[in-house]
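**Q** Structure for this input, please:
(chains A, B, C and D)
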There are 2 protein chains.
Amino acid sequence: MTPKYANVSERELEPPSLAISTVIFALRPDPETGRLTLWLPLVRRIRQPYRELWALPGGPLRPSESLQDAAARNLQETTGLSPRYLEQLYAFGGPDRSPTPRVVSIVYWALVQPDEAALARQDENVAWFPADAVGTLAFDHNRIIDYALWRLRNKMEYGSIAYAFLGPTFTLAQVREVYEAVLGRELDPANFRRQLQATQDIERTDSFLQGGRHRPPRLYRYTGPELQSDAFPPA
Amino acid sequence: MTPKYANVSERELEPPSLAISTVIFALRPDPETGRLTLWLPLVRRIRQPYRELWALPGGPLRPSESLQDAAARNLQETTGLSPRYLEQLYAFGGPDRSPTPRVVSIVYWALVQPDEAALARQDENVAWFPADAVGTLAFDHNRIIDYALWRLRNKMEYGSIAYAFLGPTFTLAQVREVYEAVLGRELDPANFRRQLQATQDIERTDSFLQGGRHRPPRLYRYTGPELQSDAFPPA
DNA sequence: CCAAAAGTGTTGTGGATACACCCATGC
DNA sequence: GCATGGGTGTATCCACAACACTTTTGG
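**A** Here you go, the predicted structure:
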């Protein structure tokens, strides 16, 4: 299907092709330290260029599918999951991103909560990596992930995306763990609690989390604006 | 050159085409009130769809030209100006943005200082409009401009983009006027001055602006990081 | 009773706002 | 002198960090 080019001048006659890629973040405990860390799934390339290297999940845009829908489909196809949060990251289009035909990639980033089924999807060609140890990837994908991490941390300090990593109810300490894992530094529990309570984004429930070997913490529920972030920012 | 389609199903077989558009902002005094306001240049469409309507300047991406270069070229071709600031805004690609063949637009936004030559370029097919009164534009361009305005105001409250609207030297009051025009509200001169001086972005010169009918204000010079904002954010 | 985490109180500090006041120029 | 904007001083408020302290559970 894809034409092959004998040389550069032929290549330059073709219009650039368009692809959608997605950086998918999830939180999982580190198997060694047990601490919560950021992970992301990558797929192994099965054709040239960069064959055998790991890369971001992605593919072409289908007719009559929006950019966002294409990103959600990437996510579904590689992890089986639905995004809890999905937002456009950047369009990468330098003429030298890829050898042979030029590709412009519109990249999205997503937050998910993986379940066992999703993690089990690991196989020869799909695997989860700690976000700070992905090795050398195909194309400019290392750079893209760095940028996505930067955006994630940035949004974290403002918005309410943290809840996209959590279930329907959670303790304040769990929210704090999410922040600590993403930002990579510890936060004062007392002050953090007050900051959260100052926002109108959460609501206390009457339940408590049992089973710890200490005082059971109260559970909260997210009640702020929709996280799904469809369409685009002006919110 | 562009193929014509007899019906929708034919259209859907074609891959989406790619275009670059640019929202160009400049500050000019309002001809009525004399107050500084935001303006932007638009071009009249000379072919279908939306023929005769005003639209953002744009066009296809050329081979071996980066996305950013294409945006700078748009700007140059429609205004004759070079950007003082240029940044990617968003990629718009809904399947219904345009009747007939689908177009994915990667949109940039720019800040410039227009000179007489640039403003003179007004003709049948290029004209400057106040940013809050552009009328009904082609495609989804009204929405795009709203988003660009939102981003501009956002960046304004942080970064040092304000200087992109100003010449090599300026008074603190001029900087304040820029902020007031963009944000649409008045700022306390005393506090604003201190905020600016607290940053390391400006440096006092030994010159004063003469000719006012009051005490001559001191001139300052921008010395902060490069504004041009090449490549992309991680800064 | 003790350990450990949940949760509350208190204090100090830096930045931002509001606003009173003085300075230097043109007329 | 007086009007006008340039420029300085200062009191107040508020968000936030630091950290001591109390509470409630499991063992």
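**Q** would you list every one of the strands in chain A?
**A** A:17-29, A:36-44, A:54-55, A:58-60, A:85-92, A:103-111, A:126-130, A:169-171, A:202-208, A:218-222 (DSSP state E).
**Q** which helices and strands sit right next to the longest one?
**A** Using 3 or more Cβ pairs under 8 Å, 6 or more residues apart in numbering or on different chains; DSSP states H and E as the contact definition, the elements that strand A:17-29 packs against are strand A:36-44, strand A:58-60, helix A:67-79, strand A:103-111, helix A:141-158, helix A:172-183. No exception for glycine: its C-beta is placed from N, CA and C like everyone else's.
**Q** Over to the third one?
**A** Using 3+ Cβ pairs under 8 Å, 6+ apart as the contact criterion, the elements in contact with strand A:54-55 are strand A:36-44.
**Q** quick one: average pLDDT of the strand it packs on?
**A** Mean pLDDT, computed over strand A:36-44, is 96.
**Q** Mind putting the strands of chain A into CSV with distance to B:Asp140?
**A** Below are the strands of chain A laid out as CSV (distance: least, Cβ to Cβ, whole Å):
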stretch, distance to B:Asp140
strand A:17-29, 18
strand A:36-44, 32
strand A:54-55, 32
strand A:58-60, 23
strand A:85-92, 15
strand A:103-111, 16
strand A:126-130, 36
strand A:169-171, 38
strand A:202-208, 35
strand A:218-222, 31
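**Q** DNA strand C contacts on chain A?
**A** A:171-173, A:189-191, A:193, A:208, A:212-218 (Cβ under 7 Å from any atom of the strand).
**Q** returning to what we had before: ranking the helices and strands packed on strand A:17-29 by burial, who's on top?
**A** strand A:103-111 (a mean of 24; mean count of other Cβ atoms under 10 Å in any protein chain shown).
**Q** quick revisit: to B:Ile161, which of the strands of chain A lies closest?
**A** strand A:85-92 (18.6 Å; Cβ to Cβ).
**Q** Mind listing what's buried along that closest one?
**A** Buried residues in strand A:85-92, defined by neighbour count with 16 or more other Cβ atoms under 10 Å in any protein chain shown: A:85-92.
**Q** could those residues go into CSV alongside pLDDT?
**A** Below are the buried residues of strand A:85-92 laid out as CSV (pLDDT from 0 to 100):
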residue, pLDDT
A:Tyr85, 95
A:Leu86, 95
A:Glu87, 95
A:Gln88, 96
A:Leu89, 96
A:Tyr90, 97
A:Ala91, 97
A:Phe92, 96
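**Q** mind putting these in TSV, distance to B:Pro57 included?
**A** Converted to TSV, the buried residues of strand A:85-92 look like this (distance: Cβ to Cβ, whole Å):
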residue	distance to B:Pro57
A:Tyr85	34
A:Leu86	30
A:Glu87	27
A:Gln88	22
A:Leu89	25
A:Tyr90	22
A:Ala91	18
A:Phe92	23
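**Q** For the spatially closest residue to A:Ile24 that is not a sequence neighbour, which residues are in contact?
**A** The shortest distance from A:Ile24 to any non-neighbouring residue, by Cβ to Cβ, 6 or more residues apart in numbering or on different chains, is to A:Ala110 (4.9 Å). By Cβ atoms under 8 Å, 6 or more residues apart in numbering or on different chains, the residues touching A:Ala110 are A:22-25, A:71-72, A:75, A:83-87.
**Q** how many neighbours does A:Ile161 have?
**A** By other Cβ atoms under 10 Å in any protein chain shown, the residues close to A:Ile161 number 19.
**Q** you'd agree it is up against A:Pro225?
**A** No: judged on Cβ atoms under 8 Å, A:Ile161 makes no contact with A:Pro225 at a distance of 11.2 Å.
**Q** Pick out whichever of the buried residues of strand A:85-92 sits closest to B:Thr33.
**A** A:Gln88 (37.5 Å).
**Q** For the closest residue in space to that closest one that isn't next to it in sequence, list the residues it contacts.
**A** Nearest non-adjacent residue to A:Gln88, counting by Cβ to Cβ, 6+ apart: A:Tyr108, 5.5 Å away. Contacts for A:Tyr108 (Cβ under 8 Å, 6+ apart) come out as A:20-23, A:67-68, A:71, A:74, A:86-89.
**Q** can you redo those as JSON lines with distance to DNA strand D?
**A** JSON lines is the format used below for the contacts of A:Tyr108 (distance: Cβ to the nearest atom of the strand, whole Å):
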{"residue": "A:Ile20", "distance to DNA strand D": "36"}
{"residue": "A:Ser21", "distance to DNA strand D": "34"}
{"residue": "A:Thr22", "distance to DNA strand D": "31"}
{"residue": "A:Val23", "distance to DNA strand D": "27"}
{"residue": "A:Leu67", "distance to DNA strand D": "34"}
{"residue": "A:Gln68", "distance to DNA strand D": "31"}
{"residue": "A:Ala71", "distance to DNA strand D": "32"}
{"residue": "A:Asn74", "distance to DNA strand D": "35"}
{"residue": "A:Leu86", "distance to DNA strand D": "27"}
{"residue": "A:Glu87", "distance to DNA strand D": "23"}
{"residue": "A:Gln88", "distance to DNA strand D": "27"}
{"residue": "A:Leu89", "distance to DNA strand D": "26"}
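**Q** before we move on, the earlier item: can you pick the most crowded of the residues of chain A next to DNA strand C?
**A** Most surrounded of the residues of chain A next to DNA strand C: other Cβ under 10 Å gives A:Leu172, at 19 neighbours.
**Q** And the residue nearest to that one when sequence neighbours are not counted, what's its pLDDT?
**A** Leaving aside its sequence neighbours, A:Leu172 sits nearest to A:Arg193 (Cβ to Cβ, 6+ apart; 5.2 Å). Per-residue pLDDT puts A:Arg193 at 97.
**Q** now swap in the one 10 residues further on and tell me
**A** Looking at A:Glu203, its pLDDT reads 95.
**Q** Number of residues surrounding the residue nearest to A:Arg73 when sequence neighbours are not counted?
**A** Using Cβ to Cβ, 6+ apart and skipping residues adjacent in sequence, the residue nearest A:Arg73 is A:Glu65, 7.2 Å away. Using other Cβ under 10 Å, A:Glu65 is surrounded by 18 other residues.
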